[in-house]
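have a look; sequence and predicted model below, questions after that.
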Amino acid sequence: MRVLVLGGTGVFGSRLARLLVRDGHQVTIAARNLTAARTLADRLGCEAVQMDRVGDLQALAAHEVLIDAAGPFHTYVTDPYRLPRAAIAAGLHYFDLSDNANFCTGIAMLDAEASAAGLCVISGLSSIPALSSAAVRALTGTSRPRVIDSAILPGNRSPRGLSVMTSILSQVGRPMQVWRGGAWIRTTGWGWSERKNYVLPGGLIRQGWQIDVPDLALFPAHFGADTVLFRAGLELGVMRYGLAAFSLVRRWVPIPVNRPIVRTFKLAADLLAPFGSGRGGMSVMVIVGYERRWWRLLVEDGDGPFIPAVAARALLRRAVLPVGAGPALETITLAEAEAAMADLSVTTERVIEPLVPIFRRVLGPAFNTLPEAIRRTCGFQNYRTAISLNPGQPFQ
């Protein structure tokens, strides 16, 4: 297909372009800096065009698919859906790699227009919510998960784009809502009390901190879960706790996340880039019945920035695209995603662990002598109880 990748010189856009060229698509890299776009296009063997999402959009006419990999999507304040509307008007399918909950959910307002035009308009076709929702469905089948707990944990040597850093920094220290135990709970982005360790394939352990993503808004209703959690992590402790300190300050002082602030953090990150590793990963855990089920991903050799591009690659491998507009909930299957990672340095695994209620574990065989009503009451009912069943892990 003829695919126009906006933000095609960025961290994720450039890797998406590379994967699509590899799959035989006719790719055009669109960016504000034409020189950078041409340099990359020459290296990949594709085309380049100068384009800005708020500028002239005539370049759309020569393509079949527009993919917005630019962002940060929370800054699309004035006419946020200008691009997808223009794509629909020009007869193009539209995808984006948005990690902003409001933007992802809001794109459903274009469903009638997209359906009438027979076009596919999907927001969040990235690691979240596209890949994470595919993993949840693969783990749960037709069952309802009580808990969904996910994390993205990149290696320190993975490059960081200004758009992603802006998106994360804008949330740090700000209020956010989390669906926990069947109710919305107010918490803080990258707050001190919400950190947790995650295990990746090969036993690699990384720490994640709570942050707002589309999954938190979309998964409670879509999957019917009682609790939905998401965390992101940084490999180096100095960066994790530095960001936590910034979070603490922003809770009390309204520091704006403007270009100078972002560039200061980018400079610090670049100075620390030689440390750590190029190993990162993703974890998706669900509780179904009395089982914990995990899908875990480990990415090595610096291939981490390819993962957000995998969902779009997988969808474009289909002969027929879905019609309509909405967030990328189960837009692809986990099998399709894993096939789209086959040429990357990626290891995935699925793990199932029985979940034994705490009273049954403590009382042993004596638990079965209790009256049935008490046995039912002492089984876990929500995520707070389930969490307490982890030996050595603090109650959350």
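Ah, there it is.

what residue ranges in the stretch 51-200 of the chain score low on pLDDT?
Scanning the stretch 51-200 of the chain for pLDDT under 70 picks out 77, 192-193.

quick one: contacts of the helix or strand harbouring A325?
According to DSSP states H and E, A325 maps onto strand 324-327. Contacting residues not belonging to strand 324-327 are listed as 84, 104-105, 107-111, 113-115, 120-124, 129, 214, 218 [C-beta atoms under 8 Å, 6 or more residues apart in numbering]. Where you see a C-beta, it was placed from the backbone N, CA and C, and this is true even at glycine.

next one: the spatially most central residue of the chain from A135, what distance?
Residue closest to the average C-alpha location in the chain (C-alpha atoms, centre = their mean): I128, at 2.5 Å. The gap separating I128 from A135 is 10 Å, by C-beta to C-beta, to the nearest Å.

and A225, by the same measure?
13 Å.

when the two are compared, which one has more neighbours?
A135 (28 against 23; other C-beta atoms under 10 Å).

dump the residue contacts of the more buried one.
Contacts of A135 (C-beta under 8 Å, 6+ apart): 150, 284, 295, 334.

that's a helix at it, yeah?
Yes. Judged by DSSP: H, G, I helix; E, B strand; the rest coil, A135 forms part of a helix.

and the spatially closest residue to S143 that is not a sequence neighbour, what does it touch?
Spatial nearest neighbour of S143, excluding adjacent residues (C-beta to C-beta, 6 or more residues apart in numbering): V288 at 4.7 Å. Counting by C-beta under 8 Å, 6+ apart, V288 touches 139-140, 143-146.

tell me the confidence at V288?
pLDDT recorded at V288 is 96.

for the stretch 51-200 of the chain, which segments count as strands?
65-68, 93-96, 120-123, 147-153, 175-180, 183-188, 196-200 (DSSP state E, counting those that start in this stretch).

export these to JSON lines and tack on mean neighbour count and distance to I374?
Output for these, formatted as JSON lines (neighbours: other C-beta atoms under 10 Å; distance: least, C-beta to C-beta, whole Å):
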{"stretch": "strand 65-68", "mean neighbour count": "26", "distance to I374": "55"}
{"stretch": "strand 93-96", "mean neighbour count": "28", "distance to I374": "51"}
{"stretch": "strand 120-123", "mean neighbour count": "28", "distance to I374": "48"}
{"stretch": "strand 147-153", "mean neighbour count": "26", "distance to I374": "24"}
{"stretch": "strand 175-180", "mean neighbour count": "17", "distance to I374": "26"}
{"stretch": "strand 183-188", "mean neighbour count": "12", "distance to I374": "25"}
{"stretch": "strand 196-200", "mean neighbour count": "18", "distance to I374": "31"}
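
quick one: furthest residue from the center of this protein?
Outermost residue of the chain (C-alpha atoms, centre = their mean): T369, 45.9 Å.

follow-up on the earlier one: ok, now how distant is the residue nearest to the centre of the chain from V3?
Taking C-beta to C-beta, one finds I128 at 22 Å from V3.

S123 too?
Per C-beta to C-beta, S123 is found 17 Å from V3.

contacts for stretch 175-192 next, please.
With contact meaning C-beta under 8 Å, 6+ apart, stretch 175-192 is reached by 168, 171-174, 194, 209-212, 216, 219-220, 225-229, 243-244, 246-248, 251, 382-384.

before we move on, back to that, which of the strands of the stretch 51-200 of the chain sits closest to D42?
D42 lies closest to strand 65-68 among these, at 20.3 Å (C-beta to C-beta).

tell me which strands that closest one pairs with, and in which orientation.
strand 2-6 (parallel), strand 93-96 (parallel) (DSSP bridges).

dump those into CSV; add distance to A62 as well.
Listed next are these as CSV, based on distance: least, C-beta to C-beta, whole Å:
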stretch, distance to A62
strand 2-6, 7
strand 93-96, 14
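
just to revisit the earlier point, so which of the contacts of A135 sit within strands?
Counting by DSSP state E, the part of these found in strands is 150, 284, 295.

S133 is in contact with the second one, correct?
So the one you mean is V284. No. If you go by C-beta atoms under 8 Å, V284 and S133 don't touch, sitting 9.1 Å apart.

so what's A328 closest to, chain neighbours aside?
A130 (3.8 Å).

neighbours of S345, how many?
Neighbours of S345 using other C-beta under 10 Å come to 15.

backbone dihedrals for it, please?
When read as degrees, to the nearest 10, the backbone of S345 gives phi -80, psi 70.

that one contacts L297, correct?
No. Counting by C-beta under 8 Å, S345 sits too far from L297 to count as a contact (11.1 Å).

coming back round to it: quick check, pLDDT for the residue lying closest to the residue nearest to the centre of the chain once chain neighbours are set aside.
Nearest non-adjacent residue to I128, counting by C-beta to C-beta, 6+ apart: V213, 4.9 Å away. pLDDT, V213: 92.

please apply the same query to the one 10 residues further on.
Among the per-residue scores, F223 shows a pLDDT of 98.

for it, which non-adjacent residue is closest in space?
Closest to F223 by C-beta to C-beta, 6+ apart is P145, at 5.6 Å.

give the contact list for the one you found.
Taking C-beta under 8 Å, 6+ apart, one finds 136, 139, 223-225, 286-288 in contact with P145.

change it to 7 Å
Applying C-beta atoms under 7 Å, 6 or more residues apart in numbering to P145 gives the contacts 136, 223, 225, 286-288.

for it, give me phi and psi.
phi -80, psi 140.

distance of it relative to L162?
P145 is 35 Å from L162, by C-beta to C-beta.

how about A221?
Where L162 is concerned, A221 sits at a distance of 33 Å (C-beta to C-beta).

again, but for A314
If you go by C-beta to C-beta, the gap between A314 and L162 works out to 27 Å.

over to L169?
Distance from L169 to L162, by C-beta to C-beta: 10 Å.

joint contacts of these two?
With C-beta under 7 Å, 6+ apart, L169 and L162 have common neighbours V262.

those two: who's more crowded?
Shown here are L169 and L162; by other C-beta under 10 Å, L169 has more neighbours (24 against 16).

contact partners for E349?
E349 touches 201, 296, counting by C-beta under 7 Å, 6+ apart.
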